[in-house]
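Novice: Make a model of this:
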Amino acid sequence: MAQAPAALMPLPAEMHWGKGRLSLSKPLKLQLEASPDPAVRPAVRRLLTRLQGPAEPATGPVLQIRYGRVGQPEKFDEERYSLRVTPMGVSIDAPTSLGVLRALATLEQLPVLEKKQRYLPEVDIQDQPRFAWRGLLIDAARHFMPVAVIKRNLDGMAAVKLNVLHWHLTDDQGFRIESKVFPRLHTVGSPDGLYYTQAEVQEVLAYAAARGIWVVPEFDMPSHTTSWIVAYPRLKSNDSTYAPYTSWRTTNVAIDPTRESTYTFLDSLFTEMTALFPAPYFHAGGDENDGRNWRRTPRIVAYMQANNMVKADGKTVDKHQLQTYFNRRVLALLQKRGKTMIGWDEILGPDLPKETVIQSWRGKKGLNDAAKLGHPVLLSSGYYLDLNLSAASSYTTDPLPPDTPLTPAEQKRVLGGEAAMWAEFADSTVLDSRIWPRAAAVAERLWSPQAATQSVAEMYRRLPAVSAELETLGLRHRIVPERLLKQLAGSANVAPLRTLAEVLEPVKEYKRHFQGYTYTTATPLNRLVDAAPAESETARRFGVLVDSVVAATGSAAGRSSATARQVATLRTQLLRWQANDVLLQPQLLLNPSLREYGPLSTNLAAVAKLLLERLTQLQTGQAASPAWQASAKKVLDAAQAPAGQAELAIVRAARKLAGI
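Specialist: Here you go, the predicted model:
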């Protein structure tokens, strides 16, 4: 088959479709030929239940699984597998249980429903990941994420073959893990009383392991440590008194790296925490420390001068040298416990030991510089989901693009990458909708062959099917926004509010911090901006339709090729938007929490009216007058303005259709 009959994501390395099919009308019979592994049988049971409902006597074709090297340890990065579906049955071969788990994830995406009958298409797949490290960072420090939230996101990760949960457990706002050695860290350092017990951590680790996912904890230091200092003031760098931090802006507070007592404290803490997490990696943070806490403390300045931690002028103290000293001490403590240290790209410097893994979040330069200096590297720049950028923006970001400046030897140091979901504007309720389905685009970029993943349009064709699959796994990225809309509407008539919300997106990057609304850790995330999608699928499809119509009507010769159906679809959509404002404004006026979005509704109607006029111009071959163009620009410029930290996602496409 030329066209794949199933929406696979990530795309396998090699696949060849046949013309046959395997009916799922009878339960598959499991035939397992393998070395013992506790993860495989439960995974197979979960798959068969989702494919075929509750367990019944297995009377159908055989699901044959062969894997394992008896007596040999499995490697984390050995995830390759082969999967074969024929009209006679299914076979999976893999060298490790990890490969089997990845094969099962692919198998779950294969079923096709046709005339109320489900079947598996005939296919032969040979697959392996492009990058060994394919992660998702979940920030549980700013907003605490209960165990159930972590678990369902682990299910989503497994479905798209992400294999590392980067668990951000500590920050200025909270220390979210129980410490029996330093109990004030979680009792005082998390003023809302929310943290994971060590038993809950073990529960999450077991759940992740059963899905072939490592859990790498992050204890961010020396900055982002206000919660540590509130709990144990002896760690602070100055004589100030600190209270629990409830804002989102960076505090520029750092623990003192010049006292031996700091390292004694870390030694005890690491002894406890590294024993909890079996993964060989441990993230020590290191980001956003501007050094002001150190430069303003005479005792620390004297220490830096005495130890020649100064810049080229021989006088100005250099905070980066002090942080490098701190990093080397932390690295030694972690290595003593068999852990490899990871840090954000700010810690990079010529004196940093090369075994430290550098995670680049500020740009591709950090990745390239670290690889050239001999460090293993991870890319997160371009994969920050909390910036509310499109799936396409992540999909087109590649750790190793064709024009990479890295040599072949340096390229081998690129372990992979991580999507990052920082939680300033995502609590446990809305988290799923801010991660999924866009994280699936990152997963495909990191798993699939570069040559097979060049079409953004093809990625978007498959993304809705993956999103639907994720919902069946228990993720709430669709259901929660809809529930929030119903709460905001305050009535059964939610359709007008939904029509507006479908074309809204939260403002991009970190603009939400700077638009006249003050957020704290206690601010509820229950406004329309929180119900709006991170990426509007309605607006994206509108943009695709606009592109096709503009391309077809770009010249007199091309106008005839514009299909009446495309134009009619556009017109129907615009008429709906134009009429919606009259229906919605009374609801907005009656609801104080919705009034701030009134301008967006009005602007949507104005843009729709404008574009209806433009459609008529294009269909009749009428040129837009200068006066019309000036008026159109004014309307579109007004529509560009955000309200309530949200913005209309259709404006860019509207400008294109209007020719502005």
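Novice: For the closest residue to residue 62 other than its chain neighbours, report the pLDDT, please.
Specialist: Of all residues not flanking residue 62 in the chain, residue 89 sits nearest, at 4.2 Å (CB to CB, 6 or more residues apart in numbering). The C-beta positions use only the backbone N, C-alpha and C, and glycine is treated the same way. With respect to pLDDT, residue 89 scores 96.
Novice: Tell me the bridge partners for residue 89.
Specialist: Beta-bridge pairing of residue 89 under DSSP bridges involves residue 62, residue 86.
Novice: quick one: it and residue 164, what's the gap?
Specialist: When distances are taken as CB to CB, to the nearest Å, residue 89 and residue 164 turn out to be 33 Å apart.
Novice: Compare those two and say which is more crowded by neighbours.
Specialist: Ranked by neighbour count (other CB atoms under 10 Å), residue 89 and residue 164 place residue 164 first, with 25 against 17.
Novice: where does the stretch 301-450 of the chain have low pLDDT?
Specialist: Within the stretch 301-450 of the chain, no stretch has pLDDT under 70.
Novice: my bad, the chain
Specialist: In the chain (pLDDT under 70), the answer is 1-4, 34-36, 54-57, 69-77, 554-562.
Novice: Could you rerun that using 80?
Specialist: The model of the chain has pLDDT under 80 over residues 1-6, 34-38, 52-59, 68-77, 553-563.
Novice: Which helix runs longest in it?
Specialist: helix 564-590 (DSSP state H).
Novice: tell me the angle of the helix or strand just after it relative to helix 564-590?
Specialist: Per DSSP states H and E, the first helix or strand lying C-terminal to helix 564-590 is helix 598-620. With axes from the mean of the first three to the mean of the last three CA atoms, to 10 degrees as the basis, helix 598-620 and helix 564-590 are set at 160 degrees to each other.
Novice: Report the separation between residue 112 and residue 455.
Specialist: For residue 112 relative to residue 455 (CB to CB), the value is 22 Å.
Novice: Out of the two, name the residue with the larger neighbour count.
Specialist: residue 112 (14 against 10).
Novice: Just give the closest residue to residue 179, not the sequence neighbours.
Specialist: residue 185 (4.6 Å).
Novice: Phi, psi for the one you found please.
Specialist: phi -60, psi -50 (degrees, to the nearest 10).
Novice: That one: neighbour count?
Specialist: Counted by other CB under 10 Å, the residues lying close to residue 185 total 24.
Novice: Ok, the one 4 residues further on next?
Specialist: Other residues lying near residue 189 total 29 when counted by other CB under 10 Å.
Novice: Check the spacing between it and residue 170 real quick.
Specialist: Counting by CB to CB, the gap from residue 189 to residue 170 is 8 Å.
Novice: overlap in contacts of these two?
Specialist: 227-228 (CB atoms under 8 Å, 6 or more residues apart in numbering).
Novice: tell me the secondary structure for residue 20?
Specialist: The local conformation at residue 20, judged by DSSP: H, G, I helix; E, B strand; the rest coil, is strand.
Novice: C-alpha coordinates for stretch 9-26, PDB please?
Specialist: In PDB, the C-alpha atoms belonging to stretch 9-26 read as follows (Å, rounded to 0.1, in the frame of the first residue of the first chain):
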ATOM      1  CA  MET A   9       3.700   8.100  15.500                       C
ATOM      2  CA  PRO A  10       6.600   8.000  15.800                       C
ATOM      3  CA  LEU A  11       7.200   6.600  12.300                       C
ATOM      4  CA  PRO A  12       9.200   3.400  12.300                       C
ATOM      5  CA  ALA A  13      12.600   3.300  10.700                       C
ATOM      6  CA  GLU A  14      11.400   0.800   8.000                       C
ATOM      7  CA  MET A  15       8.000  -0.400   7.200                       C
ATOM      8  CA  HIS A  16       6.500  -2.300   4.200                       C
ATOM      9  CA  TRP A  17       2.700  -2.600   3.900                       C
ATOM     10  CA  GLY A  18       1.100  -5.600   2.500                       C
ATOM     11  CA  LYS A  19      -2.400  -6.100   1.000                       C
ATOM     12  CA  GLY A  20      -3.700  -8.500   3.600                       C
ATOM     13  CA  ARG A  21      -5.300  -8.000   7.000                       C
ATOM     14  CA  LEU A  22      -5.600  -9.800  10.300                       C
ATOM     15  CA  SER A  23      -9.100  -9.800  11.800                       C
ATOM     16  CA  LEU A  24      -9.400  -8.900  15.500                       C
ATOM     17  CA  SER A  25     -12.800 -10.600  15.800                       C
ATOM     18  CA  LYS A  26     -11.200 -13.300  18.000                       C
END
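Novice: what's the offset of that stretch from the middle of its chain?
Specialist: 28 Å (CA atoms, centre = their mean, to the nearest Å).
Novice: cool, stretch 178-188 as well?
Specialist: In terms of CA atoms, centre = their mean, the centre of stretch 178-188 is found 29 Å from the chain centre.
Novice: buried ones in that stretch?
Specialist: Within stretch 178-188, the residues that count as buried by 16 or more other CB atoms under 10 Å are 178-179, 182, 185-186, 188.
Novice: Secondary structure element holding residue 248?
Specialist: Counting by DSSP H and E, residue 248 is part of no helix or strand.
Novice: What is the burial count for it?
Specialist: Quick note: residue 248 (other CB under 10 Å) scores 20 neighbours.
Novice: For residue 546, see how far away residue 553 is.
Specialist: Distance from residue 553 to residue 546, by CB to CB: 11 Å.
Novice: for residue 252, that is, sorry about that
Specialist: 45 Å.
Novice: do the same with residue 366
Specialist: Distance of residue 366 to residue 546, given as CB to CB: 37 Å.
Novice: that older thread, and the buried residues of stretch 178-188 as CSV, adding secondary structure and distance to residue 362?
Specialist: Formatted as CSV, these follow (DSSP: H, G, I helix; E, B strand; the rest coil; distance: CB to CB, whole Å):
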residue, secondary structure, distance to residue 362
178, coil, 32
179, coil, 31
182, coil, 31
185, helix, 29
186, helix, 30
188, coil, 32
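Novice: for the residues you listed, which one is nearest residue 101?
Specialist: residue 178 (29.6 Å; CB to CB).
Novice: give the contact list for the closest one.
Specialist: Counting by CB under 8 Å, 6+ apart, residue 178 touches 186, 195-198, 201.
Novice: Could you rerun that using 10 Å?
Specialist: Residues near residue 178 by CB atoms under 10 Å, 6 or more residues apart in numbering: 185-187, 190, 195-201, 272, 276.
Novice: So which of those residues are in helices?
Specialist: Per DSSP H, the subset of the contacts of residue 178 in helices is 185-187, 198-201, 272, 276.
Novice: Check these and tell me the two furthest apart.
Specialist: The farthest-apart pair in those, when distances are taken by CB to CB, is 187 and 276, at 17.9 Å.
Novice: Could I get the contacting residues of residue 638?
Specialist: Listed by CB under 10 Å, 6+ apart, the contact partners of residue 638 are 599, 602-603, 606-607, 651.
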